[in-house]
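# let's see this in three dimensions:
(one chain, ligands or ions: 1)
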Amino acid sequence: MPATRPRLYAHPFSSYSQKALIALYENQIPFDYRNLEDALASAEWSALWPMRRFPVLVDGARTVFEATSIIEHLDVHHPGPVKLIPEDRDAALEVRMLDRFFDNYVSTPQQKVVLDRLRPEADRDARGVEDARAMLETAYDWLEPHMAGREWAAGSAFSLADCAAAPFLFYADWTHPIDERYAHVRAYRERLLARPSFKRAVDEARPYRPYFPLGAPDRD
Ligand SMILES: N[C@@H](CCC(=O)N[C@@H](CS)C(=O)NCC(=O)O)C(=O)O
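Residues are numbered from 1 along each chain as shown. Okay, here's the model as predicted:
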């Protein structure tokens with residue numbers, strides 16, 4: 001594949017967009033940011049991916065959807081000094097497994113709670129929201145001993161799993177606060193917030209905080 005300047009269709013306030021942005025910022029990969037606030041960018045994106053989810057990356061002839069796949073694509077076609085997926089296949093297995101953990105058991109229930117709030121009251125799903133909150137609690141509970149003695153989710157190196165963890169734990173704590181008894185999870189969230197790549201994504205998203213349907217807390 002030729003070396004090209006990729007185009008990212010994304011929104012600064014979106015957690016999955018931030019996941020992909022972290023990877024771009026970690027390795028300082030030049031790219032064109034097609035912010036979906038812009039009507040033209042939004043129309044281009046609509047034509048690219050009928051599922052209407054973002055982010056989407058266009059790189060030369062290839063269109064890549066799913067934030068994880070975007071990060072895998074960048075790792076193959078725009079490698080940099082930060083190896084977000086380890087070369088060692090066994091180590092990469094753990095990174096990929098933890099990436100699934102953050103998508104499926106932190107982001108999915110977090111989005112459920114937020115999206116439910118955007119529905120008209122009569123269409124809300126109280127039982128589904130209760131189940132989602134229970135899943136978040138189970139995820140924090142599992143993650144607490146996992147993070148004891150670790151700097152990053154898969155050990156000492158920052159990886160794809162941390163690209164997922166950063167925005168998902170960020171918004172999960174706004175949605176269903178991480179209790180003080182989960183000290184390792186809270187400390188990990190703070191470390192992620194201090195990481196320059198994620199800090200940049202959070203700062204770029206500040207103007208959009210009024211979009212948060214549960215009310216953004218006055219912190220972070
Ligand atoms: N599985 C997708 C999820 C992407 C996703 O849910 N993105 C949200 C923004 S954070 C979205 O597209 N929301 C629009 C909608 O749900 O209509 C991925 O990993 O990229």
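# tell me the buried residues in the helix ranked longest in the chain?
For the chain, the helix with the greatest residue count under DSSP state H is helix 126-147. Neighbour-count burial for helix 126-147 flags Val129, Ala132, Arg133, Met135, Leu136, Ala139, Tyr140, Leu143, Glu144, Met147 (criterion: 16 or more other Cβ atoms under 10 Å). For glycine as for every other residue, the C-beta is placed from the backbone atoms N, C-alpha and C.
# equivalent analysis for stretch 52-61, please.
Phe54, Pro55, Val56, Leu57, Val58, Asp59.
# in a markdown table, list these along with secondary structure and pLDDT.
Below are these laid out as a markdown table (DSSP: H, G, I helix; E, B strand; the rest coil; pLDDT from 0 to 100):
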| residue | secondary structure | pLDDT |
| --- | --- | --- |
| Phe54 | coil | 98 |
| Pro55 | coil | 98 |
| Val56 | strand | 98 |
| Leu57 | strand | 98 |
| Val58 | strand | 98 |
| Asp59 | strand | 98 |
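# so which of these comes closest to the ligand?
The nearest member of the buried residues of stretch 52-61 to the ligand, counting by Cβ to the nearest ligand atom, is Phe54 at 4.5 Å.
# what about the closest one, distance to Pro145?
Remark: distance between Phe54 and Pro145 (Cβ to Cβ, to the nearest Å) = 34 Å.
# pLDDT weak spots in the protein?
Counting by pLDDT under 70, the chain shows low-confidence ranges at 1-3.
# if we use 80, what do you get?
Where the chain drops to pLDDT under 80, the residues are 1-4.
# what are the boundaries of the strands in it?
Remark: strands assigned in the chain by DSSP state E are 7-10, 32-35, 56-59, 62-65.
# of all these, which lies closest to the ligand?
strand 62-65 (6.6 Å).
# what's the spacing between the closest one and its chain's center?
Remark: strand 62-65 is offset 17 Å from the chain centroid, using Cα atoms, centre = their mean, to the nearest Å.
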